[in-house]
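Asker: Pasted the sequence and its predicted model underneath.
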Amino acid sequence: MTTSLYLRDLIAQTLGEVCQVYPNEAPELAEYPYAVFNVQTLTGDEIPKAGYLEVNVWDYYDTHSRAETILDKIEAKIKNNYFASDRVAFRAFYGTRQHVEDADKNIKRIQEKFIIRWNERGGNEQ
């Protein structure tokens, strides 16, 4: 596996302790509420690498309260904390949060982008 896949798995494991989470996109029949995340790289060969961890919490509800609560828990879990596996480690820092409107007023989506730094650990398998 590549470093990006190890990072994805570690983030999924970490966020999965808070809520149902999917990398990149949720399955069509995913049950609300859930979170979807992706990592956007900012830099090239620097170590540790840097980028954004974008987390979107989706809910089908009449208010944003459940989605906000989940995102608050995600933020409390990862902000300024260090997470490591035998292959990769990351640390996330607060970024920006916003509500994202949907055509269906019952679908609530809140997005937060964290600044993230990560590095490889152990073997150099690519």
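Answerer: Structure's in. What do you need?

Asker: Could I get the full set of helices for the chain?
Answerer: For the chain, the helices defined by DSSP state H cover 3-16, 65-78.

Asker: And those helices: which comes nearest residue 90?
Answerer: Closest to residue 90 of these, according to C-beta to C-beta: helix 3-16, at 6.3 Å. Glycine gets a C-beta too; all of them are placed from N, C-alpha and C.

Asker: Any idea how many residues pack against residue 22?
Answerer: Residue 22 has 18 neighbouring residues, counting by other C-beta atoms under 10 Å.

Asker: I'd like the helices of the chain as CSV, with mean neighbour count appended.
Answerer: Formatted as CSV, the helices of the chain follow (neighbours: other C-beta atoms under 10 Å):
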stretch, mean neighbour count
helix 3-16, 18
helix 65-78, 18
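
Asker: Put together TSV for those helices, with mean pLDDT on each row.
Answerer: Output for the helices of the chain, formatted as TSV (pLDDT from 0 to 100):
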stretch	mean pLDDT
helix 3-16	94
helix 65-78	96
